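Trainee: one predicted model, sequence on top.
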Amino acid sequence: MKLHILTAFACTTLLSAPIHAAEPIPYPSTKCIVSDEKLGEMGPPIMLDYKGQQVGFCCKSCIGDFDKDPAKYLAKLKATTAKP
């Protein structure tokens, strides 16, 4: 009986604890990850968190292109940030 009470207490405590997500890695460019357009020229830029990496878009349609092949654009971002 005591084991069930302790187990219930432990589960309740763990489930009610706040979950703190890590801050995403900031987007390092002033250009859209898809179109290479300067962010802000087509309205306010859209910044989204993709698996811990902030990604910048010039418009909503670029988000759709990104969603089709995120690995392609993340590789592009990695290549851009690797330059000295």
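Mentor: In hand now; what should we look at?

Trainee: spatially central residue in the protein, please.
Mentor: Taking CA atoms, centre = their mean as the criterion, Asp49 is the residue nearest the geometric centre of the chain, at 1.8 Å.

Trainee: correct me if wrong: that residue contacts Ile25.
Mentor: No - using CB atoms under 8 Å, Asp49 makes no contact with Ile25, being 9.1 Å away. Any C-beta I mention is one placed from the backbone N, CA and C, and that applies to glycine too.

Trainee: quick one, strands of this protein?
Mentor: 46-50, 53-57 (DSSP state E).

Trainee: so what's the residue nearest to the centre of the chain closest to, chain neighbours aside?
Mentor: The shortest distance from Asp49 to any residue other than its chain neighbours is 4.3 Å, reached at Pro24 (CB to CB, 6 or more residues apart in numbering).

Trainee: return the residues in contact with the one you found.
Mentor: Contacts were defined as CB atoms under 8 Å, 6 or more residues apart in numbering; by that measure Pro24 touches 49, 52-54.

Trainee: same check, this time on Met42
Mentor: Contacts of Met42 (CB under 8 Å, 6+ apart): 58-59.

Trainee: tell me the confidence at it?
Mentor: pLDDT, Met42: 90.

Trainee: need phi/psi at it.
Mentor: The phi and psi values for Met42, taken as degrees, to the nearest 10, are phi -110, psi 30.

Trainee: roughly how far does it sit from Ala75?
Mentor: Distance from Met42 to Ala75, counting by CB to CB, to the nearest Å: 24 Å.

Trainee: where does the prediction get shaky in this protein?
Mentor: For the chain, applying pLDDT under 70 flags the ranges 1-21, 83-84.
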